[in-house]
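>>> the sequence and its predicted three-dimensional model are supplied below.
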Amino acid sequence: MGDVDGLIHELKELESRALKALGDVSDPDGLEAVRVEYLGRKEGRISQILRRLGALPGTERPTVGQEANRVKGVLQEALDARRRELEAGRDSGPEARADLTLPGRSPWVGARHPITWVVDEICQIFRGLGFSRVRGPEAETEWYNFVALNTPLDHPAADEQDTLYLQGGHLLRSHTSPVQVRTMERFDPPVRIVVPGMVYRRDTYDATHAPAFHQIEGLAVDEGITFVDFKATLAEFSRRFWGPDTQVRFRPSFFPFTEPSAEVDVKRVVTLPDGTREESDWLEIMGAGMVDPAVLENVGYDPERFTGFAFGMGPGRIAMLKYGIPDIRLFYDGDVRFHRQFRHV
Ligand code: DAH
């Protein structure tokens, strides 16, 4: 054994020390220091070893020279890789890898939109009362959106629901009521449906208006449906949705497609743990009424034989009242800080 084995051993030790030093550096200056120490041309450790080759017999030199070149190559590659890591801003050095006290990163799992919660809850309650959930097109004709609903195009109610007109005589529906007509055209009574969906109006986007918003329509038509069924169904719905002590009131109103028409208001009553009762103001939650015989006639139902009631509400408005949301735009701006609050509702 001679100097050859000794030098090769030295080279191998130097290799592992250099690799460890590279793993420990955390900035470009540290990296440069390691490079100079091991790979530096004059004073670098490998150069120093190579200089000692001269003292070896000529036949032994290539063995040590080859090993020195291998170590040089390995170190040069490791150095380049570490440089790229540092440049990419990653520090995979031992300290970075070892901090087990950091909280885990849980994936963002998404949240249901608060209006989706409200729509589903409302439809679920009506399902329990025998109503099916159906949908209809958002691009409508004037017939379905206005005329069949007993609203002539020059009627002021048509103006109030000014909407966006498309090509080919279509318009974006200004309410979900056209689905009443579409359903009655396709099915004979009894009909009991709820219809969630988007509607469109030429409204400015502000705290209480959006040009595209949600509605839920309801319709029940059969033989022998009376005003009592109408009031009882909507009162029962209101108590199931807002709580068993909720008070309900029907105020006279007007819609072209119902006669008589009403606005339905609720007053929420909550009993606190100490027994005191808290009452909200009256909150307007929907328009409603007994289906106008003219609408039944338009779909080919015999208005002497069939009667029914209809209602329409805004789940966005209901979600605002239910969750205390002050601005309708929060629903539509897509800020996750808003949405993630509804993850566990
Ligand atoms: N379509 C009405 C609106 O958008 C809401 C409405 C009122 C629907 C009374 C109804 C109803 O079915 O009976 O303003």
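Sure, I can see it.
>>> the stretch 51-200 of the chain against the ligand: which residues are in contact?
Neighbours of the ligand within the stretch 51-200 of the chain, by Cβ under 6 Å from any ligand atom: His175, Ser177. Yep, even glycine has a C-beta here, placed from its N, CA and C like the rest.
>>> by proximity to the ligand, which residue of the stretch 51-200 of the chain wins?
Residue of the stretch 51-200 of the chain nearest the ligand, by Cβ to the nearest ligand atom: His175 (3.3 Å).
>>> let me see the contact set for that residue.
For His175, the contacting residues are Asn145, Gln161, Val199, Gln215, Glu217, Gly312, by Cβ atoms under 8 Å, 6 or more residues apart in numbering.
>>> quick check on Phe306: phi, psi?
Phe306 adopts backbone torsions of phi -110, psi 140, taken as degrees, to the nearest 10.
>>> my read: it touches Val299, true?
No: applying Cβ atoms under 8 Å, one finds Phe306 not in contact with Val299, separated by 10.1 Å.
>>> sorry, back to before: in helices only, show me the contacts of His175.
Judged by DSSP state H, helices contain the following of these: Asn145.
>>> which of the helices or strands spans the residue of the stretch 51-200 of the chain closest to the ligand?
Using DSSP states H and E, His175 maps to neither a helix nor a strand.
>>> next, the buried residues of stretch 283-300.
Using 16 or more other Cβ atoms under 10 Å as the burial criterion, the residues of stretch 283-300 that qualify are 283-293, 295-296, 298-299.
>>> put the alpha carbons of that stretch into PDB.
These are the backbone C-alpha positions of stretch 283-300, laid out as PDB (Å, rounded to 0.1, in the frame of the first residue of the first chain):
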ATOM      1  CA  LEU A 283     -89.200  40.700   6.100                       C
ATOM      2  CA  GLU A 284     -90.600  40.500   2.600                       C
ATOM      3  CA  ILE A 285     -89.700  37.100   1.200                       C
ATOM      4  CA  MET A 286     -91.900  36.500  -1.900                       C
ATOM      5  CA  GLY A 287     -94.600  37.500  -4.400                       C
ATOM      6  CA  ALA A 288     -97.400  35.100  -4.700                       C
ATOM      7  CA  GLY A 289    -101.100  34.600  -5.500                       C
ATOM      8  CA  MET A 290    -103.900  32.400  -7.000                       C
ATOM      9  CA  VAL A 291    -103.100  31.600 -10.600                       C
ATOM     10  CA  ASP A 292    -105.100  33.900 -12.900                       C
ATOM     11  CA  PRO A 293    -107.700  32.000 -15.000                       C
ATOM     12  CA  ALA A 294    -106.300  33.700 -18.100                       C
ATOM     13  CA  VAL A 295    -103.000  31.900 -17.600                       C
ATOM     14  CA  LEU A 296    -104.700  28.600 -17.200                       C
ATOM     15  CA  GLU A 297    -106.600  29.300 -20.400                       C
ATOM     16  CA  ASN A 298    -103.400  30.100 -22.300                       C
ATOM     17  CA  VAL A 299    -102.000  26.700 -21.500                       C
ATOM     18  CA  GLY A 300    -105.200  24.800 -22.400                       C
END
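>>> and the longest helix seen in the chain, what other elements does it pack with?
The helix spanning the most residues in the chain, taking DSSP H as the definition, is helix 61-87. Under the contact definition 3 or more Cβ pairs under 8 Å, 6 or more residues apart in numbering; DSSP states H and E, helix 61-87 sits against helix 3-24, helix 28-39, helix 45-51.
>>> taking helix 3-24 as reference, get the angle to that helix.
0 degrees (axes from the mean of the first three to the mean of the last three Cα atoms, to 10 degrees).
>>> helix 61-87 vs helix 28-39, what angle?
180 degrees.
>>> show me which positions of helix 61-87 end up buried.
Neighbour counts over helix 61-87 (16+ other Cβ under 10 Å) mark Val64, Glu67, Ala68, Val71, Lys72, Leu75, Ala78, Leu79, Arg82, Arg83, Leu86 as buried.
>>> no further questions, thank you.
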